[in-house]
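**Student:** could you work out the structure for the sequence below:
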Amino acid sequence: MPNTKSAKKRVRVSEKRRLRNKAYKTFFKNRIKEVIKAIESGEPKEVVLELARKAQAAIDKAVSKGVIHKNQGARRKERLFKKVNEYLKSLEATQE
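**Tutor:** Next up, the predicted model:
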């Protein structure tokens, strides 16, 4: 248990931040899952690209709020768009 006034405040502040960070993390992870689910179910190109754009925005927002490091955000976006691009190439290959 914290003894000083400042230590008690740190506990309150860190709990508030933990909950806020958790919300941002959950939000962008769910956006990423939506994209992957759309790819696996064979959604049209436009739907996948729109979901990917929303996921990218969610990751960027988490980075700007300090929830995740900018390098982690870049890595997650890179991995996501690698999957999206592979899917788009497979769609083009099946149309030819």
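**Student:** what's the longest helix in the protein?
**Tutor:** Secondary structure of the chain per DSSP state H: the longest helix is helix 5-41.
**Student:** count of neighbours near Ala55?
**Tutor:** 25 (other CB atoms under 10 Å). Any C-beta I mention is one placed from the backbone N, CA and C, and that applies to glycine too.
**Student:** contact partners for it?
**Tutor:** 28, 31-32, 34-35, 80 (CB atoms under 8 Å, 6 or more residues apart in numbering).
**Student:** using a markdown table, lay out these together with distance to Ala62 and pLDDT.
**Tutor:** A markdown table is the format used below for the contacts of Ala55 (distance: CB to CB, whole Å; pLDDT from 0 to 100):
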| residue | distance to Ala62 | pLDDT |
| --- | --- | --- |
| Phe28 | 5 | 97 |
| Arg31 | 10 | 98 |
| Ile32 | 11 | 98 |
| Glu34 | 16 | 97 |
| Val35 | 15 | 97 |
| Leu80 | 13 | 97 |
